[in-house]
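Trainee: predicted coordinates and the sequence they were generated for:
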Amino acid sequence: MLGLLLVFHILATIAVIGTAFVVPVIRRSARTASQLRFAFRITTKLAILPKIGGAVLLVTGIWLMFITKMGLSQMWLNLSILLSLLMVVTIGGLIEPRMKTIMQIVSESKSQGDEVPAEFTQAMKKIVPLESTAQLLMIAITVLMVVKPF
């Protein structure tokens, strides 16, 4: 049972982390307004992966804590949970609302031809540090989960 639970936990982690690293790359690679619209259609479809993966990650993580009788006694686990909460706030509270605004800018740019709107470039410059922060948090969480330093 422990092994199967761990496999689901790791697969959920891949769904969350993989999407969080790939989606910004897809968005940033678009050079025209039509490419941006296409990139947003793809990334909107991929957005379900971290939501499902996050739920599975939470359930399997709690279940693993109970099975191993670890609870919250390990500092690396407590720090991982704290960083995970910060990551959720960063993505859900800071990045997603801004992305909705950016998606609206891109969808309204259909009438302006295939040129990338200047507002998009300015808005993306504000999101890039937030996405980088979320990615660094994911790396830190992964390192803590694998290395278990303290």
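Mentor: Arrived safely. Since the model is a prediction, treat every value here as computed from it, not as a measurement.

Trainee: next SSE after the lowest-mean-pLDDT helix or strand in the chain?
Mentor: Here the helix or strand of the chain ranked lowest by mean pLDDT, DSSP states H and E is helix 96-108, holding a mean of 83. Moving toward the C-terminus from helix 96-108, the next helix or strand (DSSP states H and E) is helix 118-147.

Trainee: give me the buried stretch members for stretch 85-105, please.
Mentor: M87, T90, I91, L94, I95, M99, I102, M103, I105 (16 or more other CB atoms under 10 Å). C-beta: built from backbone N, CA, C; applies to glycine.

Trainee: closest to V128 out of those?
Mentor: V128 has its nearest neighbour among the buried residues of stretch 85-105 in I95, at 10.2 Å by CB to CB.

Trainee: who are the contact partners of that closest one?
Mentor: Applying CB atoms under 8 Å, 6 or more residues apart in numbering, we find I95 in contact with I127, L130, E131, A134.

Trainee: of all those, which comes closest to K69?
Mentor: For those, the minimum distance to K69 (CB to CB) is 31.6 Å, reached by A134.

Trainee: the closest one and I81, how far apart?
Mentor: Distance of A134 to I81, given as CB to CB, to the nearest Å: 16 Å.

Trainee: ok, L4 to W63 distance?
Mentor: 11 Å.

Trainee: between the two, which one's more packed in?
Mentor: Between L4 and W63, counting by other CB atoms under 10 Å, W63 is the more crowded of the two (15 against 9).

Trainee: any chance you could list what contacts the strand or helix carrying the more buried one?
Mentor: Assessed by DSSP H and E, W63 sits inside helix 48-67. Contact with helix 48-67 is made by 1-2, 5-6, 8-9, 11-16, 18-20, 70-72, 77, 88, 91, as judged by CB under 8 Å, 6+ apart.
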